[in-house]
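Asks: need a structure here:
(2 chains)
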Amino acid sequence: MEISGAEIITRCLQEEGVEFIFGYPGGAVLSIYDAIFKQDYFKHVLVRHEQAAVHAADAYSRSSKKVGVALVTSGPGATNAITGIATAYMDSIPMVVFSGQVATDAIGLDAFQEVDMVGCSRPIVKHNFLVKDIRELAPTIKKAFHLATTGRPGPVVIDVPKDIAAQTSQFIYPASVSIRSYTPPTKGHPGQIKKAAQLLGEAKRPFIYVGGGAILSNASSEVTELVKMLNLPCTNTLMGLGALDGSDPHFLGMLGMHGTYEANMAMQYSDVIIAIGARFDDRVISSPEHFLSQAKKIVHIDIDPSSIAKRVRVDVPIVGDVKHVLIDLIGILKETGIKPQAEALADWWQQIEEWRKPQSLWYEPSDLVIKPQFVVQKLWEVTGGEAIITSDVGQHQMFAAQYYPFKRPRQWINSGGLGTMGFGLPAAMGAQLANPDAIVACITGEGSIQMNIQELSTCKQYHIPTKIINLNNRYLGMVRQWQHFFYGNRYSESYMDALPDFVKLAEAYGHVGMKIETPADVEPALREAFSDKLKDRLVFMDFITDREVNVFPMVQNGKGLSQMDLPPHMRDMQLTPFENNRDYGNLC
Amino acid sequence: MRHILSVLIENEAGALSRVTGLFSARGYNIDSLTVQTTEDTTMSRMTIVTHGSEDVIEQITKQLNKLVEVVKVIDLNEADHIERELMLIKVRATGKERDEMKRMADIFRGRIIDVTEKAYTVELTGTGEKLDAFIKALDPAVILETVRTGASGIGRGERILKV
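Replies: The predicted model follows:
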């Protein structure tokens, strides 16, 4: 029996076990929406803007280990999805995006709502397809899911012309995929893994540096085992938070531009770094020259060879799936009994504890004005550290990363690579739908939340009870911070002068709104929001915070990791210099 | 340093633009690019001439390998190789110039493939340097039109690029 292309799509999604598809209808995809109406394999979530559909699918994937699926129409629907696709691409999120296209005989004629989606999305997808033959539709979808989920994951776009969705064909879904040119590695090279083990055995100041790849590869337990087995200090990147429990004593906090003092110093002065699914991003090491000025050996484990030795020279490259490589590495370490030099490691830990003592994340408490850090800390207390946290981008994102110690992987959902404002609320929707029983909180700012605030309507429609923590300082906080540091306090266009009444706004959408203006009210408000009474309601909490708080520590662009701008309480301290110190850093 | 990369790629619509898009998006240069299907019509072979430091060429190779359609990439510079470029050059050929142009074409082992009262079209193959030398040997005023293919390269001897 022949079925339509639209029905083929829904059947393929059923075959792939898809639960949710996030989208927005339009002329070019009406056949597909009609097929969706007639099936009950999966649920469609109607967002209010296509960007949000892709973010929601993205966060659904990040929090559930499944593939996120989005559906948008041609032209403006497709271009609205671009930011979401780029966000997923930068963070290597497995996702399949269906975009509608004008009919095949109209392609290239500047038809109404036509855009070259394959061309537009090419630089920001793992792969994309334009389906021009109905017989290719099902095999293409099979390939798309395969490509999205294997190797280094990423978004795949399938552009479906309107007539292809309407034509009919036999439905044959391939059982497997074989792409001659696509054979992603899994196992790492045994010789290289042995070399890594030997380097660990020679190390005096070893350091484990874990990125988002460890989470994508579900290697958190292996990371934890390696760290504990050898008593190694460890840092997580922004994308790697949760790969090692944030309360584990081996964890030195996040590193990089807004990393802790101890993590940045340890990264700079270590002699052997095991980089696990991390890519030495510019926000992590800032200046490669300065970073490499201290003699160190680098082992780099990554499934993507192009991520290795891109910014820093690497002594032992290991191409492979992080989980597989770590299992093999741990096996060799156990078999051979290789360990870092005990005495040297003890000295290294002593040094790290010295760096820890000043508590670089300490801030001046206040009874008068709400500090954003205080809100995040209280959120952690009230939720028992169990919430899935999504964030937008800006100061609030860094405070969330610094002050909410994530216990487990996939608990922290944020746009690390692209830094997309407007990500937080749709991401919370996706995470909540993937985890209906979980506590989901979106930490945002008044600038970011307004970039996709229309999704409060989606939350109402689908009874999504996420809690929104709006750290409202009436500034684009991170922009203001940079203008403070680098532009002589000229706060050009960073001042939010016409903010809505967020409480009324939340209420207008049918949710609960709260405005919190004093530190004493922070905890009670949070407790109320997370109480059983409001368990099933979206609560928008507008925290009126200190306007001038900066995120510290801070590594300015082009400076070295040890050249941090430190928080005020550390600026006059006599810090113990490190013996290998060549440039101890800027203590302001 | 100049590098000559050979790329086997699936013969699919859009594959070429993925390669060129990769170069432009990442700020690499393409000095020349030639492409045609191989004896296996499902696959095309590209010869890309580019230049950059060893690090840059390593990144280009890795990024090319990352493209889903790319089957194999080799850097022909890593061993002996042969490369050829085709040029069609139309030159003014009137009066005494006709004999002179014929001699020049013979010296460079070119072939005159089109003749009119006023012009010859010469076909010339060889390395880029040889073709450059031919152009240099001519009086610029006689050159009416030039078209070149860019290099095609292949490894010497037993070295082959095949699936």
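
Asks: So what's the residue count around the closest residue to A:Val319 other than its chain neighbours?
Replies: Distance criterion Cβ to Cβ, 6 or more residues apart in numbering or on different chains; nearest residue to A:Val319, sequence neighbours excluded, is A:Pro305 at 5.0 Å. Quick note: C-beta positions are derived from backbone N, CA and C, even for glycine. Around A:Pro305 there are 20 other residues, counting by other Cβ atoms under 10 Å in any protein chain shown.

Asks: I'd like the distance between A:Pro305 and A:Arg122.
Replies: 21 Å (Cβ to Cβ, to the nearest Å).

Asks: that's a strand at A:Val223, yeah?
Replies: No - secondary structure of A:Val223 (DSSP: H, G, I helix; E, B strand; the rest coil): helix, not part of a strand.

Asks: Now do the same for it: its pLDDT.
Replies: Predicted confidence (pLDDT) for A:Val223: 98.

Asks: Surely A:Cys442 is within a strand?
Replies: Yes - applying three-state DSSP, one finds A:Cys442 inside a strand.

Asks: beta partners of it?
Replies: Assessed by DSSP bridges, A:Cys442 has beta-bridge partners A:Thr390, A:Ile468.

Asks: Kindly provide the distance from it to chain B.
Replies: 32 Å (Cβ to the nearest Cβ, to the nearest Å).

Asks: tell me which element whichever residue of chain B sits closest to chain A falls in.
Replies: For chain B, the residue closest to chain A is B:Lys62, as judged by Cβ to the nearest Cβ, at 3.7 Å. Element membership for B:Lys62 (DSSP states H and E) is helix B:54-66.

Asks: what is the mean pLDDT for that helix?
Replies: 95.

Asks: ok, now stretch A:19-30?
Replies: On average, stretch A:19-30 scores 98.

Asks: which helices and strands sit right next to the helix or strand harbouring B:Met87?
Replies: Using DSSP H and E, B:Met87 maps to strand B:81-92. Contacts defined by 3 or more Cβ pairs under 8 Å, 6 or more residues apart in numbering or on different chains; DSSP states H and E place strand B:81-92 against strand B:119-126, helix B:128-137, strand B:143-148, strand B:152-155.

Asks: how about JSON lines for these, with mean neighbour count added?
Replies: What follows is those, written out as JSON lines (neighbours: other Cβ atoms under 10 Å in any protein chain shown):
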{"stretch": "strand B:119-126", "mean neighbour count": "18"}
{"stretch": "helix B:128-137", "mean neighbour count": "14"}
{"stretch": "strand B:143-148", "mean neighbour count": "13"}
{"stretch": "strand B:152-155", "mean neighbour count": "18"}
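
Asks: Next, format these as JSON lines and append mean pLDDT and distance to chain A.
Replies: Putting these into JSON lines (pLDDT from 0 to 100; distance: least, Cβ to the nearest Cβ, whole Å) gives the following:
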{"stretch": "strand B:119-126", "mean pLDDT": "97", "distance to chain A": "31"}
{"stretch": "helix B:128-137", "mean pLDDT": "96", "distance to chain A": "29"}
{"stretch": "strand B:143-148", "mean pLDDT": "97", "distance to chain A": "27"}
{"stretch": "strand B:152-155", "mean pLDDT": "96", "distance to chain A": "20"}
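
Asks: The ones you listed: which one's closest to A:Ser247?
Replies: strand B:152-155 (56.9 Å; Cβ to Cβ).
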